[in-house]
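Enquirer: Quick check, what structure comes out for this input:
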Amino acid sequence: MAELAKAYFGGGCFWCTEAVFQRLKGVKEVVSGYSGGASTNPTYKEICTGLSGHAEVVEITYDSSQIDFKTLLEVFWTAHDPTTLNRQGNDRGTQYRSVIYYTKESEKESAERSISEVAKLLYSDPIVTEISPLKAFYPAEQNHQNFYNRNGFHGYCMVVINPKVKKLKRLHSSLLKEE
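Expert: Predicted coordinates:
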């Protein structure tokens, strides 16, 4: 029987983060959205100003009997660069910060532990990932949902997301859904 849980990660552009986590066994749904700011129901236009305080994040619904939070964290650390503050590639601004929003203390502890255990093995620069309690999650507009799967030949997808998906396949092939 499925034991559904949710995780909230921001690793730069939510199109990239969404595309990576959608491919994992046990992940049932990934929704792109916004979290971490003060405004209610923000829009993409507001987020792009960098003034809303929100980050682009994904809400991952997963079956914890098939994949656990620790494994999601391992994928998170390899899916983006957690050593760059408010930037992933050419995407710059606080909305692109590396962030883990937790809903329970055990997730916070796991995230903090993973920084010292896993992430430091992968990066020589300090990890700047924010770890904060989830206050609210706001789904992004429909045109941002499932973006990579719907627009694989879009320039951004080909140049930015394709390499991330290839890296996922190379580093975490045992975690992938059958294609």
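Enquirer: lowest average confidence, helix or strand, in this protein?
Expert: Ranked by mean pLDDT, DSSP states H and E, the weakest helix or strand in the chain is helix 120-122, scoring a mean of 81.
Enquirer: Report the distance from the following helix or strand past that helix to the chain centre.
Expert: Following helix 120-122 in sequence order, the next helix or strand is strand 130-133 (DSSP states H and E). Here the centre of mass of C-alpha atoms in strand 130-133, compared against the chain's by Cα atoms, centre = their mean, to the nearest Å, lies 13 Å away.
Enquirer: Same check on stretch 12-19?
Expert: Put simply, stretch 12-19 sits 6 Å off its chain's centre (Cα atoms, centre = their mean).
Enquirer: So what's the residue count around the closest residue to Cys13 other than its chain neighbours?
Expert: Nearest in space to Cys13, with sequence neighbours left out and distances taken as Cβ to Cβ, 6 or more residues apart in numbering, is Asp91 at 5.2 Å. In this view, the C-beta of every residue, glycine as well, is placed from N, C-alpha and C. When neighbours are counted by other Cβ atoms under 10 Å, Asp91 registers 16.
Enquirer: can you check the one 10 residues further on too?
Expert: Here the neighbour count serves as a burial measure; for Tyr101 (other Cβ under 10 Å) it reads 25.
Enquirer: Test for you: state the pLDDT assigned to it.
Expert: Per-residue pLDDT puts Tyr101 at 98.
Enquirer: so where do the strands sit in this structure?
Expert: Ranges of strands in the chain, per DSSP state E, are 4-11, 27-35, 55-63, 87-88, 91-92, 98-102, 130-133, 138-139.
Enquirer: Save those strands as a markdown table, and put in distance to Asn151 too.
Expert: Formatted as a markdown table, these follow (distance: least, Cβ to Cβ, whole Å):
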| stretch | distance to Asn151 |
| --- | --- |
| strand 4-11 | 19 |
| strand 27-35 | 13 |
| strand 55-63 | 16 |
| strand 87-88 | 19 |
| strand 91-92 | 17 |
| strand 98-102 | 24 |
| strand 130-133 | 29 |
| strand 138-139 | 18 |
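Enquirer: nearest to Ser174, of the ones you listed?
Expert: For Ser174, the closest of those is strand 27-35, at 14.3 Å, according to Cβ to Cβ.
Enquirer: who's in contact with Pro82?
Expert: Shown in contact with Pro82 (Cβ atoms under 8 Å, 6 or more residues apart in numbering): Gly11, Ser98, Ala119, Tyr123, Ile127, Val128, Thr129.
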